[in-house]
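Trainee: coords please:
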Amino acid sequence: MRKERPHPGAQLRFTDADGMRLTCFATNTASEAIAALELRHRQRARAEERIRATRATGLRNLTLHDTAQNQIWLEIVQIALDLLAWMPMLALTGTARLWEPRRLRLRLFSTAAQLVTTGRRGYIRLAKHWPWTDVITDALDRLHTLPNPG
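Mentor: Predicted structure coming up:
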């Protein structure tokens, strides 16, 4: 059992005592240390976050009628999840690394832009009034600085 302060902005529950959140977990594992058990429990919370992201990305509804079509849909969802897992680590900084899939979709993936080709080079022209243009340009700059894997 543990007593800790909730993260900033968290809504208190009626079970929170004196502004402190009480959390506990029960297990029948006797051979491991408490710290190892708590680490295992927190890693499970990360897995549940991934499940929530999976549902937000498209797993919530399998709208296709054929099993083969749904299998293709699941592959597409898995590719999207891989991109959502790697992109914050490689390209984003600050609070943008913590954005959920819905927020990423609304702020970064639905940005209006123009693809411009001049002098045999392609450019992305982003709208200057978009509030997250700097996040997108910083992410693209970070991706350009990564070494070429090939």
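
Trainee: ok now the helix or strand hosting Asn70, how far from the chain's centre?
Mentor: Secondary structure assignment for Asn70, by DSSP states H and E: helix 67-90. Centre-to-centre, helix 67-90 and its host chain are 12 Å apart (CA atoms, centre = their mean, to the nearest Å).

Trainee: do you know how far the most centrally placed residue in the chain is from Glu75?
Mentor: With distances taken as CA atoms, centre = their mean, the residue of the chain nearest its centroid is Glu100 (4.7 Å). Using CB to CB, to the nearest Å, we find Glu100 at a distance of 22 Å from Glu75. The C-beta positions use only the backbone N, C-alpha and C, and glycine is treated the same way.

Trainee: Now do the strands for this protein: every range, in order, please.
Mentor: For the chain, the strands defined by DSSP state E cover 2-4, 21-23, 113-118, 121-126.

Trainee: Serialize those strands to JSON lines and add fields for mean neighbour count.
Mentor: Formatted as JSON lines, the strands of the chain follow (neighbours: other CB atoms under 10 Å):
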{"stretch": "strand 2-4", "mean neighbour count": "11"}
{"stretch": "strand 21-23", "mean neighbour count": "13"}
{"stretch": "strand 113-118", "mean neighbour count": "9"}
{"stretch": "strand 121-126", "mean neighbour count": "11"}
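
Trainee: any chance of the ones you listed in CSV, with mean pLDDT and distance to Arg107 too?
Mentor: Formatted as CSV, these follow (pLDDT from 0 to 100; distance: least, CB to CB, whole Å):
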stretch, mean pLDDT, distance to Arg107
strand 2-4, 79, 30
strand 21-23, 79, 29
strand 113-118, 92, 13
strand 121-126, 90, 12
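
Trainee: for those strands, which one sits closest to Gly150?
Mentor: Closest of the strands of the chain to Gly150 is strand 121-126, at 19.4 Å (criterion: CB to CB).

Trainee: Just want the angle from the closest one to strand 113-118.
Mentor: In terms of direction (axes from the mean of the first three to the mean of the last three CA atoms, to 10 degrees), strand 121-126 departs from strand 113-118 by 150 degrees.

Trainee: What strands line up against strand 121-126, and which way round?
Mentor: Taking DSSP bridges as the criterion, strand 121-126 sits next to strand 113-118 (antiparallel) in its sheet.
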